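Undergrad: this one's sequence-less:
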């Protein structure tokens with residue numbers, strides 16, 4: 001029976017078990033769709049990725065991203081984790097930046113020492129949230145509507161809508177009722193108060209998946225939040241966001257805007273390296 005390289009990595013953390021886990025299977029060009037879906041269902045992680053030869057000559061490798069129930073065109077922590085494994089297996093980029101091919105197209109990934117960062121994809125939908133949805137969001141997270149400082153569509157593929165609250169303590173105290181929003185995924189963000197919360201992080205983030213639980217650390221959401229917050233003047237062009245605190249994680253997302261590009265960076269720790277029997 002064939003065996004393929006298998007890695008399980010922790011993304012957005014340099015410390016194992018404090019970020020968001022990802023399974024990565026290399027040399028997957030012999031696997032069909034059904035086999036990929038079956039493996040992703042079996043790992044039962046939020047995402048499992050499969051490394052393949054690129055179809056686009058501009059790309060260094062191609063990745064397919066599966067949740068336990070569906071395939072995604074793009075996701076943030078799978079992008080960084082997959083690139084980390086590709087490099088660890090000896091991948092050599094054609095240029096300074098690594099170019100990943102995925103369902104959403106080509107994604108640039110740059111290296112800053114051991115840390116990787118991807119260029120945030122453009123928003124597919126932006127603008128203020130409709131009054132009815134804003135009210136349902138408030139009910140879903142158990143707060144009064146007037147506590148919401150701002151609410152925006154920040155959809156870069158997964159359908160994100162997000163709200164800005166006034167303090168980190170408000171974000172950490174939220175109780176989410178997934179039944180209220182149905183399939184709608186929700187991001188919540190608030191600034192840290194340097195005097196009360198410390199100065200090493202500037203924002204606290206939580207991500208609630210449609211009809212699902214809370215995601216530990218979310219690259220796609222942080223990418224779209226950065227474009228909103230920096231574009232509206234709420235955030236500086238360089239900041240660090242914390243995520244996963246309520247879940248016992250210590251995710252750190254490093255955001256830098258350079259020119260027209262917004263880079264979403266994080267450390268990756270390898271937890272398991274071996275083979276998987278197919």
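TA: Structure's in. What do you need? Nothing here was measured: the structure is a model prediction, and the numbers come from that model. Numbering: from 1, shown residues only.
Undergrad: excluding residues flanking it in the chain, which one is nearest residue 135?
TA: Nearest non-adjacent residue to residue 135, counting by Cβ to Cβ, 6 or more residues apart in numbering: residue 145, 5.7 Å away. Every residue, glycine included, has its C-beta placed from N, CA and C.
Undergrad: the one you found reaches residue 136, doesn't it?
TA: No - Residue 145 is beyond contact range of residue 136, at 9.8 Å (criterion: Cβ atoms under 8 Å).
Undergrad: comparing these two, which residue is more hemmed in?
TA: residue 136 (18 against 13; other Cβ atoms under 10 Å).
Undergrad: which stretches of this protein form helices?
TA: 33-43, 76-88, 131-140, 168-172, 178-181, 194-197, 219-231 (DSSP state H).
Undergrad: relative to residue 7, which of those is closest?
TA: helix 76-88 (4.7 Å; Cβ to Cβ).
Undergrad: gap between the closest one and the chain center?
TA: 12 Å (Cα atoms, centre = their mean, to the nearest Å).
Undergrad: including mean pLDDT and distance to residue 255, could the helices of the chain go into a markdown table?
TA: Below are the helices of the chain laid out as a markdown table (pLDDT from 0 to 100; distance: least, Cβ to Cβ, whole Å):
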| stretch | mean pLDDT | distance to residue 255 |
| --- | --- | --- |
| helix 33-43 | 98 | 28 |
| helix 76-88 | 97 | 12 |
| helix 131-140 | 98 | 23 |
| helix 168-172 | 98 | 17 |
| helix 178-181 | 95 | 26 |
| helix 194-197 | 97 | 17 |
| helix 219-231 | 97 | 5 |
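Undergrad: just say which of those is most tucked in.
TA: Counting by mean count of other Cβ atoms under 10 Å, helix 76-88 has the highest mean neighbour count of the helices of the chain, with a mean of 27.
Undergrad: ok, and what's touching that one?
TA: 5, 7, 9, 11-12, 19-20, 22, 24, 26, 47, 49, 51, 60-61, 63, 65, 72, 98, 100, 102, 107, 109, 111, 116-118, 217-223, 264-266, 268, 270, 273 (Cβ atoms under 8 Å, 6 or more residues apart in numbering).
Undergrad: return the subset of those residues lying in strands.
TA: Among those, the members found in strands (DSSP state E) are 5, 7, 9, 11, 20, 22, 24, 49, 51, 61, 63, 65, 72, 98, 100, 102, 107, 109, 111, 116-118, 264-266, 268, 270, 273.
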